[in-house]
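# structure of the sequence below:
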Amino acid sequence: MRCLRNPETIHATCEDYRAAATLDYEHDETDRRAGRRIACPVLTLWGRQGFLEEHYDVLDVWRGWAEEVRGRVLDCGHYLPEEAPEETYAELRAFFGE
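A predicted model of the protein is given here:
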């Protein structure tokens, strides 16, 4: 809550969402047409109570971009670190190694 009271934080958050719908999308399309894929392992985590779980096979979507994809749903909403900190931390530690 402290951070989200800062107008600069809100502005940066909005800019990130704006870029995802415009510039990031354009870059993704350019990469897709060029056959570029993510070369490093990818960890994908998402919240069960969010939008993704109902509408996508999340791992399958990321496998369209990378060869080595793993991950799982966490029992939380959109903000994984805030809503499921222990699970998020455990997944990150396992992914990056101790």
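# CA only for contacts and neighbour counts going forward, please
Will do.
# assign Trp46 to helix, strand or coil.
Per DSSP: H, G, I helix; E, B strand; the rest coil, the local secondary structure of Trp46 is strand.
# hang on, isn't it packed against Leu80?
Yes - under the criterion of Cα atoms under 8 Å, Trp46 makes contact with Leu80 at 7.2 Å.
# need the overlap of contacts for the two.
Leu74 (Cα atoms under 8 Å, 6 or more residues apart in numbering).
# and the helices in the protein?
In the chain, the helices defined using DSSP state H lie at 7-21, 23-34, 52-55, 58-63, 80-83, 85-96.
# now render those as a markdown table, adding mean pLDDT, distance to Met1 and mean neighbour count.
Shown next, in a markdown table, are those (pLDDT from 0 to 100; distance: least, Cα to Cα, whole Å; neighbours: other Cα atoms under 10 Å):
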| stretch | mean pLDDT | distance to Met1 | mean neighbour count |
| --- | --- | --- | --- |
| helix 7-21 | 92 | 11 | 12 |
| helix 23-34 | 94 | 27 | 12 |
| helix 52-55 | 88 | 24 | 11 |
| helix 58-63 | 96 | 29 | 15 |
| helix 80-83 | 94 | 11 | 14 |
| helix 85-96 | 97 | 16 | 13 |
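# which one, of the ones you listed, ends up nearest to Arg72?
For Arg72, the closest of the helices of the chain is helix 58-63, at 8.0 Å, according to Cα to Cα.
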